[in-house]
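Colleague: please work out how this folds:
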Amino acid sequence: MMKLNRIHIAITILTLQLLTLSQSAPPDQPVQLATPTPQPWPERFHAMLYMNLSTGHLQISNLWYDWRLGRNVNIIQKQLGVLLYDVEWNNGTTFYYTQGADGAPGACRVEEFGVGIPRPDFLDGAEYLGTATTDGFLCHVWQKVDFIWYYEDVVTRLPVRWDFYDGISTHVMTFEVGATLQDSVTQAPAYCFGQEEELKMLEGRVPSIEDFLHVRKPFRRSI
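Modeller: Prediction:
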């Protein structure tokens, strides 16, 4: 019943917008609705995401986005698996790491992508596809460069879902505007900065990071 009420409210809002435009338009001209544009992301937020990966794996990701600090953090719980930290910085560097048991080193990989984290307005220029109902919400839908399909609730303007071209689907479970993550959580562990020989020894003691890494880099600045 609650989902039906939300859809009814969304339809009512769209109807009122049509009526307002029809009353203000000259009688000899057709009514033209302005094409909706995506709501920019807040400069800081926390979202809990349920992700269905194209590999068939499932995971829960806690996304901490902080444009002011130039930082994007995904803390990813694999289904019946490990907890993976994915810490992205605006200088293009990303740290992927796990934490070992009882203080032992985990696995770590550092990547240089050459581009920073997504801008709050990363969807500028996206093509509007109309409305669709997903997860029980009536949403505006956009796609950008055949890479991402983005669903935004018509009523609240909050993101509901986004899909990637390769089949990875992300569903937004919670969205907290202004929430921040403690800096201590985002500091990559010492074993991410070891010398090459030390890393070789580490690789022999722990599983490869590739065993854990089924992560789609969310829209970096390249789009």
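Colleague: for His140, give its distance to Ile148.
Modeller: His140 sits 14 Å away from Ile148, going by Cβ to Cβ, to the nearest Å. Using the backbone N, CA and C atoms, a C-beta is placed for each residue, glycine as well.
Colleague: correct me if wrong: Asp135 contacts Val160.
Modeller: Yes. Taking contacts as Cβ atoms under 8 Å, Asp135 lies within contact range of Val160: 5.8 Å.
Colleague: anything in contact with each of the two?
Modeller: Counting by Cβ atoms under 8 Å, 6 or more residues apart in numbering, the common neighbours of Asp135 and Val160 are His171.
Colleague: those two: which has the busier surroundings?
Modeller: Comparing Asp135 with Val160 by other Cβ atoms under 10 Å, the one with more neighbours is Val160, at 23 against 14.
Colleague: mind checking the SS state of the more buried one?
Modeller: strand (DSSP: H, G, I helix; E, B strand; the rest coil).
Colleague: and it, how far from His140?
Modeller: Here the criterion is Cβ to Cβ. By it, Val160 lies 10 Å from His140.
Colleague: what sits in contact with each of these two?
Modeller: Going by Cβ under 8 Å, 6+ apart, residues that sit against Val160 and also against His140 are Tyr151, Glu152.
Colleague: tell me where the protein has helices.
Modeller: With helices called from DSSP state H, the chain shows them at 2-24, 183-186, 196-205.
Colleague: can you flag the weakest of those helices by average pLDDT?
Modeller: Ranked by mean pLDDT, the helices of the chain bottom out at helix 196-205, which scores a mean of 43.
Colleague: please point out which parts of stretch 99-108 sit buried.
Modeller: Buried residues in stretch 99-108, counted by 16 or more other Cβ atoms under 10 Å: Gln99, Gly100, Pro105, Gly106, Ala107, Cys108.
Colleague: mind saving the C-alpha coords of it as PDB?
Modeller: What follows is stretch 99-108, C-alpha atoms only, in PDB (Å, rounded to 0.1, in the frame of the first residue of the first chain):
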ATOM      1  CA  GLN A  99      42.400  -6.700   6.900                       C
ATOM      2  CA  GLY A 100      44.000  -9.900   8.200                       C
ATOM      3  CA  ALA A 101      42.800 -11.800  11.300                       C
ATOM      4  CA  ASP A 102      44.400 -11.100  14.700                       C
ATOM      5  CA  GLY A 103      46.400  -8.200  13.500                       C
ATOM      6  CA  ALA A 104      48.000 -10.100  10.600                       C
ATOM      7  CA  PRO A 105      48.500  -8.200   7.300                       C
ATOM      8  CA  GLY A 106      45.800  -8.500   4.700                       C
ATOM      9  CA  ALA A 107      46.000  -8.200   1.000                       C
ATOM     10  CA  CYS A 108      46.500  -4.800  -0.800                       C
END
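Colleague: isn't Ile148 up against Arg161?
Modeller: No. Using Cβ under 8 Å, Ile148 makes no contact with Arg161, being 10.8 Å away.
Colleague: cheers, nothing more for now.
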